[in-house]
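Visitor: I'd like to go over a predicted model; first the sequence, then the structure.
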Amino acid sequence: MPPSFPALMPPKPPPPLIPAATRPRSPRGKSSPPPPSPHPATPPGAVLETCGREGSIRLVGGNVEMSGMLQYCGNDGSGELKWGSVCGQPLKTNEATMVCKMLGFKDGFAIDEPRVGSFGLDGQYYTFAPNPADMPIWLHNIFCPSNANDLMSDCGSSVQRCKHGSDVAVACLTTGKPIRRYGCGGRGGTLRLMGGPTPNQGTVQVCKNNLWGTVCDTDWDDADALVACRQLGYASGAAVNAEGLFVVNGTALGGPAFPQGARDMKINYANLRCVESDEILDYCMRPPTNSLFTPECRVRDSRQDAGLVCWN
């Protein structure tokens, strides 16, 4: 039987951040981020959190593992080290890579607008809990040479001040950055769900021609959803349209709409006609992508990207 889908209703706020001393650590030693939330709240009390080594860094408050607001361990002259923020323009490519390598990862990239949900270079949907308003800002508009290896010893901070509204965020990767924006580099037809409050729901993305793209919700129905959810390892599911509406057992349900794809993200499928015997979404009947897209699929400022809710 399908669940009652409480996760599609407005999600509960995430729990407060656990102090770094007691928070579980990742295998590479980076502090684990808080649980995912599409609308994260400012963690209380983080301004009082002390740190152990000046110049150390961490990523905090990202909804995706290995991402977060960049925080720096600094000293205000009192002798007590505290976590503070880094503000200014988004980090340059080499600066984001340096930050991630300091944390033990292979590569990474800056998030252009961490204050709002957005799609990153890898096509994932990122949201961030903002730093507390009274957290100290230790570094302003940093600048690092191309060969920099350490934020404290190799980089400078501008005398031009900035505010928390321009705090920077970074997403790290265990592999190199995609060669192309939204590059998937995997097997064609691979699916994933992005932007949902739980892993079993979100906007559908499909890998085609080495790029992540979306599925237009025209003719998107539960027959398509069943195939997609089984491909993702679930027993069943429901199709969700761009407005967040879906039907289960004849009852119309709904919640907050899932985030639509970025304006420059391709639409890889439309007008799917799946049947129960189809093993994966790529096997479903569909028109050529360059000929039968309906007009609403082509409007970049008003996307109609399909979503899924899956269950076992």
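Guide: Good, I have the coordinates. Numbers count the residues shown, from 1 in each chain.

Visitor: give me the sheet partners of whichever strand or helix holds residue 59 and which way each runs.
Guide: Taking DSSP states H and E as the criterion, residue 59 maps to strand 57-61. Strand pairing for strand 57-61, using DSSP bridges, gives strand 67-75 (antiparallel).

Visitor: follow-up on the earlier one: quick check: mean pLDDT across the strand holding residue 59?
Guide: Averaged over strand 57-61, pLDDT sits at 97.

Visitor: repeat for stretch 137-154
Guide: When pLDDT is averaged over stretch 137-154, the result is 94.

Visitor: ok, and for it, which residues are buried?
Guide: 137, 138, 139, 140, 141, 142, 144, 148, 151 (16 or more other CB atoms under 10 Å). The C-beta positions use only the backbone N, C-alpha and C, and glycine is treated the same way.

Visitor: just send those residues back as JSON lines, with distance to residue 96 too.
Guide: Shown next, in JSON lines, are these (distance: CB to CB, whole Å):
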{"residue": "137", "distance to residue 96": "19"}
{"residue": "138", "distance to residue 96": "18"}
{"residue": "139", "distance to residue 96": "14"}
{"residue": "140", "distance to residue 96": "17"}
{"residue": "141", "distance to residue 96": "15"}
{"residue": "142", "distance to residue 96": "11"}
{"residue": "144", "distance to residue 96": "10"}
{"residue": "148", "distance to residue 96": "11"}
{"residue": "151", "distance to residue 96": "11"}
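
Visitor: mind checking which of those are in strands?
Guide: 137, 138, 139, 140, 142 (DSSP state E).

Visitor: include distance to residue 268 when you put the residues you listed into CSV, please.
Guide: Formatted as CSV, these follow (distance: CB to CB, whole Å):
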residue, distance to residue 268
137, 42
138, 43
139, 40
140, 42
142, 38
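
Visitor: pick out the most distant pair among the residues you listed.
Guide: 137 and 142 (11.4 Å; CB to CB).

Visitor: what's the overlap in contacts for the two?
Guide: Residues touching both residue 137 and residue 142 by CB atoms under 8 Å, 6 or more residues apart in numbering: residue 86.

Visitor: residue 196 reaches residue 202, doesn't it?
Guide: Yes. Shown here, residue 196 and residue 202 form a contact pair, counting by CB atoms under 8 Å, at 3.1 Å.

Visitor: overlap of the contact sets of the two?
Guide: Common neighbours of residue 196 and residue 202 (CB under 8 Å, 6+ apart) are 258, 307.

Visitor: neighbour count for these two, which is higher?
Guide: residue 196 (25 against 22; other CB atoms under 10 Å).

Visitor: give me the pLDDT for that one.
Guide: Note for residue 196: predicted pLDDT of 92.

Visitor: go on, the one 4 residues further on?
Guide: With respect to pLDDT, residue 200 scores 96.

Visitor: how about the closest residue to it other than its chain neighbours, secondary structure?
Guide: With CB to CB, 6 or more residues apart in numbering as the criterion, residue 200 has its nearest non-adjacent residue at 4.6 Å, and that residue is residue 310. The three-state label given to residue 310 by DSSP: H, G, I helix; E, B strand; the rest coil is strand.

Visitor: show me the contacts for residue 310.
Guide: So residue 310 contacts 193, 200, 201, 225, 228, 229, 232, 234, 236, 237 (CB under 8 Å, 6+ apart).

Visitor: in a markdown table: those, plus distance to residue 245 and secondary structure.
Guide: Formatted as a markdown table, the contacts of residue 310 follow (distance: CB to CB, whole Å; DSSP: H, G, I helix; E, B strand; the rest coil):
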| residue | distance to residue 245 | secondary structure |
| --- | --- | --- |
| 193 | 17 | strand |
| 200 | 18 | coil |
| 201 | 13 | strand |
| 225 | 13 | helix |
| 228 | 17 | helix |
| 229 | 17 | helix |
| 232 | 21 | coil |
| 234 | 20 | coil |
| 236 | 18 | strand |
| 237 | 15 | strand |
